[in-house]
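S.K.: Next one to model:
(one chain, ligands or ions: 1)
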Amino acid sequence: MSHTTSPPVAVRVDGLTVARGKRTVLHGLSLEIPSGSITGLLGPSGCGKTTLMRSIVGTQIVESGTVTVLGDPAGSAALRRRVGYVTQAPSIYSDLSVRDNLAYYAALYDRGRADVDAALDAVGLGEYAAQRGDQLSGGQQTRASLACALVGKPELLVLDEPTVGLDPVLRVELWKQFRELAAAGTTLLVSSHVMDEADHCDRLLLMREGNLIAQLSPGELRERTGEQNLETAFLTLITMGERA
Ligand SMILES: Nc1ncnc2c1ncn2[C@@H]1O[C@H](COP(=O)(O)OP(=O)(O)OP(=O)(O)O)[C@@H](O)[C@H]1O
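M.R.: Numbering: from 1, shown residues only. Alright, predicted model coming up:
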């Protein structure tokens, strides 16, 4: 009998190559995202983070390779209710109140009022529930957009730079929220181009120029590079790769 301690895999990507316009922007990526954990997708602007996320949620045409999400091919109809995706640009209805935005998504996902209230609370927008989308600040719109994804209680939550433009207090609260979701079994894939967010993650996918340069935990990144600061460690890893 075999004994395995590895957690189950929520997302498996194998040999993924994607072209956008005339350029190949992902070069044969292979990776795994464990279930019930927070995976950080990190790398400089333009390295392909959004393209990888789009491939996972099934909105990206791929050249070759396979992407399997919760056991089904990415983009399958069966995954629609099981996967939540929050894009970088907030996407809420500007002429609806925050509560009505959430109620709309709750109806789509067969969720109730309690789920709407929980999602409002989670993003700290309770007192803005009656405010229209176009009367929110940029950061509040970002949070409302996130709440729309939370209300469906997806098993996999893909978040493209969810903390950009948020103040430090709110960032900390959101990461706490992500941690609670993961503890309850949700798988989170969160992109960022700031390495100081990496410490909130269980595992890191480090990208550069359309390639995956490492998949490891923050502790392993420190160990491998001998650097405590994760930003420096990432840069050291790149230099080590170039020398190898
Ligand atoms: N619609 C498009 N047509 C052609 N090329 C595109 C398109 N969208 C993105 N690209 C290119 O694909 C590459 C990867 O872009 P992507 O948006 O995935 O990067 P990213 O890592 O998410 O960047 P950022 O952190 O700035 O959001 C970039 O070089 C970009 O110029």
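S.K.: shaky segments in this protein?
M.R.: The model of the chain has pLDDT under 70 over residues 1-7, 242-244.
S.K.: right, and the helix or strand after the longest helix along the chain?
M.R.: When the chain is parsed with DSSP state H, its longest helix is helix 168-183. Helices and strands here follow DSSP states H and E; after helix 168-183, the next one along the chain is strand 187-192.
S.K.: Next one: that next one, is it in contact with the ligand?
M.R.: No. Looking at strand 187-192 against the ligand by CB under 6 Å from any ligand atom, there are no contacts, and the closest approach is 6.7 Å. Heads up, the C-betas are built off the backbone N, CA and C, glycines and all.
S.K.: and that strand, what other elements does it pack with?
M.R.: In terms of contacts (3 or more CB pairs under 8 Å, 6 or more residues apart in numbering; DSSP states H and E), strand 187-192 is packed against strand 9-20, strand 23-34, strand 38-42, helix 49-57, strand 156-159, helix 168-183.
S.K.: Adding mean neighbour count and distance to residue 91, write these out as JSON lines.
M.R.: Below are these laid out as JSON lines (neighbours: other CB atoms under 10 Å; distance: least, CB to CB, whole Å):
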{"stretch": "strand 9-20", "mean neighbour count": "18", "distance to residue 91": "20"}
{"stretch": "strand 23-34", "mean neighbour count": "17", "distance to residue 91": "23"}
{"stretch": "strand 38-42", "mean neighbour count": "25", "distance to residue 91": "20"}
{"stretch": "helix 49-57", "mean neighbour count": "23", "distance to residue 91": "13"}
{"stretch": "strand 156-159", "mean neighbour count": "24", "distance to residue 91": "13"}
{"stretch": "helix 168-183", "mean neighbour count": "15", "distance to residue 91": "18"}
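S.K.: So for residue 63, which of the ones you listed sits nearest?
M.R.: The closest of the helices and strands packed on strand 187-192 to residue 63 is strand 9-20. By CB to CB, the value is 4.4 Å.
S.K.: Is it correct that residue 120 is in contact with residue 130?
M.R.: No. Look at residue 120 against residue 130 with CB atoms under 8 Å: they stay out of range, at 10.9 Å.
S.K.: quick one: which of these two has more around it?
M.R.: Using other CB atoms under 10 Å as the criterion, residue 120 and residue 130 rank with residue 120 on top: 22 against 10.
S.K.: quick one, the helix or strand containing that one and helix 168-183 angle?
M.R.: According to DSSP H and E, residue 120 maps onto helix 113-122. Orientation check (axes from the mean of the first three to the mean of the last three CA atoms, to 10 degrees): helix 113-122 against helix 168-183 gives 140 degrees.
S.K.: On the C-terminal side of helix 113-122, identify the next helix or strand.
M.R.: By DSSP H and E, the next helix or strand past helix 113-122 is helix 138-150.
S.K.: So which residues make contact with that next one?
M.R.: Residues from elsewhere that reach helix 138-150 (CB atoms under 8 Å, 6 or more residues apart in numbering): 84-87, 90-92, 98, 101-102, 104-105, 118-120, 122-125, 128, 131, 133, 136, 157, 159, 162, 164-167, 170, 174, 181.
S.K.: if we can go back for a sec, please work out which residues outside the longest helix of the chain touch it.
M.R.: So helix 168-183 is contacted by 36-38, 122-124, 139, 143, 146, 150, 157, 159, 162-163, 166, 188, 190, 197, 200, 202 (CB under 8 Å, 6+ apart).
S.K.: Please consider this matter closed, and thank you.
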